[in-house]
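**Q** need the 3D shape of this:
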Amino acid sequence: MKKILLAILTSWLVGIGTAKAQIMVGSINVDSLDIQYIELIGFNRSTWEASVWIDFGRNYNASKSSEFLKPVKDHEGVRFASVVEALNYIYKKGWELVNVYVPSPDAPRHYVLQRRSQAVK
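**A** Below is the predicted model:
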C-alpha cells in the first residue's frame with residue numbers, strides 16, 4: 001500500500017513540475033497552435049498599467065483584437081502593470097524575445113518572440 005501511495009504522490013509531483021500555464025488570447029490557446037513566432041504589441045498606459053496585445057498570425061486587427069491579460073481565478077483577466085511584466089510572463093511560458101521595433105514615433109512597441117526549447121515541426 002505504501003508503494004502505491006508513493007507512486008501516486010511521485011507522479012503527481014512530477015506532473016506539477018512539468019505543468020505549464022497556457023497563453024490564452026480570447027478563447028484561443030496560443031501554445032496549442034503550430035507556430036514558432038508571436039508578436040507582443042504594447043505600451044504603458046500610465047505608471048501602473050499597460051495595454052498589451054498578441055499577434056499570432058491569425059488575421060490580427062488591432063482595432064478588433066482583445067487585450068492579452070494574465071489569467072487569475074478561473075479565467076478572470078488582469079492587466080499587466082507594465083509591458084516588461086508582460087514580457088516576463090510570456091518568457092516564463094516558453095517564449096523568448098528576438099527583436100523589438102517601433103513602426104512610427106507614436107506607435108506602441110512591437111516585440112517579436114520565438115518559442116523556446118521546442119523542436120520545430
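**Q** in terms of contact, does I54 touch L40 like I think?
**A** Yes - checked against Cβ atoms under 8 Å, the pair I54 and L40 is within contact range at 5.6 Å. (Each C-beta comes from the backbone N, C-alpha and C, glycine too.)
**Q** I'd like to know how many residues surround E67.
**A** Neighbour count for E67, taken as other Cβ atoms under 10 Å: 16.
**Q** oops, could you answer that again for I38 instead?
**A** If we define neighbours as other Cβ under 10 Å, then I38 has 21 of them.
**Q** for G26, same thing?
**A** Neighbours of G26 (other Cβ under 10 Å): 11.
**Q** which residue, neighbours along the chain excluded, lies closest to it?
**A** S66 (5.0 Å; Cβ to Cβ, 6 or more residues apart in numbering).
**Q** what's the separation between the one you found and L40?
**A** 14 Å (Cβ to Cβ, to the nearest Å).
**Q** so what's in contact with these two at the same time?
**A** Common contacts of S66 and L40, defined by Cβ atoms under 8 Å, 6 or more residues apart in numbering, comprise W53.
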